[in-house]
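fold the following, please.
(one chain, ligands or ions: 1)
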Amino acid sequence: MDNTTPPRPAWHYNEFVQTGVDLDDADMVEDYDHRQGSDSEEENRLIATLGIAAGDTVVDLGCGTGSFALAAARHGARVTAIDVAANMLRYVARAADANGLTNLQTLQGGFLSWQPAAASIDVVVCRFALHHLPDFWKQIALNNIANALAPGGTLFLRDVVFSFPAAEYETHINAWIDAMPQRSGFSREEFETHVRDEYSTFDWILHGMLQRAGFTVREHNIHAPQYADYLCSRR
Ligand SMILES: C[S@@+](CC[C@H](N)C(=O)[O-])C[C@H]1O[C@@H](n2cnc3c(N)ncnc32)[C@H](O)[C@@H]1O
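Numbering: from 1, shown residues only. Reported below is the predicted structural model:
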């Protein structure tokens, strides 16, 4: 953040400290797309689902290596890729340069420190990033996103979100941690770290937070007891 950013009170959450798996680690960043299984066809399908047109103002919040941001820029949108991790942003900027994408800018910031002009954005995409904040701060972040979006603007949120009954948590968490290392590029230890040190929450909490922030949840897809998508419109 620059010198004009007002100082935070001592009680404010510090979103620039990596929680859980260190996603700002240089080796992690280089390998991330491969491990995450980033797929440009899937990004193009999401662009179509969200109805993004050339010239739209799009933010990829918690962009990581910017798989979505780069695809949206190739589509002609005016894209800002935002992340707290400097190494992630360097990767995105290099890829944008290599592809001649002058309509993509990077911004080091986070859900809480991003200070967009009100109603200035058409679409915000946020995938597998909001779980880095504890629940109280998730609500503040969603309020910030809602404020940034123009009325009728779109938020697409995807994350590790729990929809199993709380009483069955051990069964569902163990089943997930046993299955995912074979199905993804991430290790058992990384899934264990996610559950222990990061802040995935229940679907009913996140759904309520979205509504309280001023969103209508148009589509709500629970892919598995541990994953959910929310396609939302700013009221
Ligand atoms: C698991 S990665 C997901 C990256 C990308 N969205 C994707 O789907 O591949 C999570 C990203 O969120 C970023 N992040 C963590 N805390 C954040 C915050 N408070 N604000 C914005 N981004 C954050 C991390 O640095 C990391 O790049």
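
and the contacts of the least confident helix or strand in the chain by mean pLDDT?
Least confident helix or strand, the chain: helix 26-36 with a mean of 84, by mean pLDDT, DSSP states H and E. Contact with helix 26-36 is made by 21-23, 38, 64-65, 67, 85, 87-88, 90-91, 184-186, as judged by Cβ atoms under 8 Å, 6 or more residues apart in numbering. For glycine as for every other residue, the C-beta is placed from the backbone atoms N, C-alpha and C.

hmm, it touching the ligand?
Yes. Interface with the ligand: helix 26-36 contributes residue 36 (Cβ under 6 Å from any ligand atom).

the residue nearest to residue 109 when sequence neighbours are not counted: how many residues sit nearby?
In space, not counting the residues next to it along the chain, residue 109 is nearest to residue 82; the distance is 5.4 Å by Cβ to Cβ, 6 or more residues apart in numbering. Using other Cβ atoms under 10 Å, residue 82 has 27 neighbouring residues.

for residue 82, helix, strand, or coil?
At residue 82 the chain is in strand, as set by DSSP: H, G, I helix; E, B strand; the rest coil.

from the ligand, how far out is it?
Per Cβ to the nearest ligand atom, to the nearest Å, residue 82 is found 6 Å from the ligand.

of the contacts of helix 26-36, grab the buried ones for PyMOL.
Only the buried entries of the contacts of helix 26-36 go into this PyMOL selection, using 16 or more other Cβ atoms under 10 Å:
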select buried, resi 21+23+38+64+65+67+85+87+88+91
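
run through the contacts of helix 26-36 and flag the ones next to the ligand.
Contacts with the ligand within the contacts of helix 26-36, as defined by Cβ under 6 Å from any ligand atom: 23, 64, 67, 85, 88.

so what's the third one up against?
Meaning residue 67. Residue 67 sits next to 33, 36, 38-40, 43 when contact means Cβ under 8 Å, 6+ apart.

who does the longest strand anywhere in the chain pair up with?
In terms of residue count, the longest strand belonging to the chain (DSSP state E) is strand 149-160. Neighbouring strands of strand 149-160 in its sheet, by DSSP bridges, are strand 121-127 (parallel), strand 227-234 (antiparallel).

for it, what is the distance to the chain centroid?
Relative to its parent chain, strand 149-160 has a centroid offset of 10 Å by Cα atoms, centre = their mean, to the nearest Å.

tell me the angle the following helix or strand past that strand makes with strand 227-234.
The C-terminal neighbour of strand 149-160 among helices and strands, as given by DSSP states H and E, is helix 169-183. Put simply, helix 169-183 runs at 100 degrees to strand 227-234, going by axes from the mean of the first three to the mean of the last three Cα atoms, to 10 degrees.

dump helix 169-183 to PDB, keeping only the CA atoms.
Taking C-alpha atoms only, helix 169-183 is exported to PDB below (Å, rounded to 0.1, in the frame of the first residue of the first chain):
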ATOM      1  CA  TYR A 169     -17.400 -33.100  10.400                       C
ATOM      2  CA  GLU A 170     -14.800 -35.800  11.100                       C
ATOM      3  CA  THR A 171     -16.100 -38.100   8.400                       C
ATOM      4  CA  HIS A 172     -16.400 -35.400   5.800                       C
ATOM      5  CA  ILE A 173     -13.000 -33.800   6.500                       C
ATOM      6  CA  ASN A 174     -11.200 -37.100   6.600                       C
ATOM      7  CA  ALA A 175     -12.900 -38.300   3.400                       C
ATOM      8  CA  TRP A 176     -11.800 -35.000   1.700                       C
ATOM      9  CA  ILE A 177      -8.200 -35.200   2.900                       C
ATOM     10  CA  ASP A 178      -7.900 -38.800   1.900                       C
ATOM     11  CA  ALA A 179      -9.300 -38.300  -1.600                       C
ATOM     12  CA  MET A 180      -8.000 -34.900  -2.800                       C
ATOM     13  CA  PRO A 181      -4.200 -35.600  -3.100                       C
ATOM     14  CA  GLN A 182      -5.000 -38.100  -5.900                       C
ATOM     15  CA  ARG A 183      -7.400 -35.800  -7.600                       C
END
